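Participant: Have a look; sequence and predicted model below, questions after that.
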Amino acid sequence: MNQKLENQIISVAYGDANIWQKIKIMFLAKKNKDVAKLLSEYSKTAESVKKLTVNFPDGILENLNVQPSKTKPVKSSMAPAFSFILNRPVLSAATVTAVLVIVLVLLFSGRSQNNYGYTEAQIKLADKQVKQTLALVSNVFNETERTLEKDVFVNKVGRPLSQSVEIVNNLFNGGSRNEKLN
């Protein structure tokens, strides 16, 4: 069992995992006895940790220079609205859909104008420069192709290959034997 799986089991046992991890671990626990045993052990430990309460004697926190938090959590005025929307699936889906439609409308409404600030002369000049560049690239490719076909393939590959084939044929056919070794 790898460390990642064990961490997921611990998260499920302590209630920190998301719904998909919980489902995954529950299915694994039904199929694998080791996973089930580990999940059971960690769940029991989690329960005992939750039941654990620590009562510090008076003055111990002051001696340790640790002060309990005296601040109250700040509540947002939007929290009830978000809670109302998120706790109702239909309303939540409708809100998400509305937000997506608004975002898409805003994104695509600016693209329909095609006004990028270029003049007609600048566009024609850019088109001409692109054509010239492509012509140069085409010439370079054609020259490279000719060099490969005539020089590299014929002289550097073809001749040595032809010589090698001739030597192998002579050896197998019992051709002329050269008594000199270079």
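Facilitator: Done, it's in.

Participant: Quickly list the domain ranges of this structure.
Facilitator: As given by automatic domain parsing, the domain ranges for the chain are 3-50, 90-177.

Participant: Of those, which shows the lowest average pLDDT?
Facilitator: Per-stretch mean pLDDT for the domains of the chain is lowest at domain 90-177 (a mean of 79).

Participant: re earlier: return the most buried member of the domains of the chain.
Facilitator: Burial of these is given as mean neighbour count (mean count of other Cβ atoms under 10 Å); domain 3-50 ranks first at a mean of 14. Every residue, glycine included, has its C-beta placed from N, CA and C.

Participant: so how far is the first residue of that one from its last?
Facilitator: The straight-line separation of the ends of domain 3-50 (Cα to Cα, to the nearest Å) is 24 Å.

Participant: Equivalent analysis for stretch 10-18, please.
Facilitator: In stretch 10-18, first residue to last residue: 12 Å (Cα to Cα).

Participant: contact partners of that stretch?
Facilitator: Residues outside stretch 10-18 that contact it (Cβ atoms under 8 Å, 6 or more residues apart in numbering): Q8, Q21, K22, I25, M26, L39, Y42, S43, T45, A46, V49.

Participant: wait, what's in contact with the first one?
Facilitator: Residues touching Q8, when contacts are defined by Cβ under 8 Å, 6+ apart, comprise A17, Q21, K24, I25.
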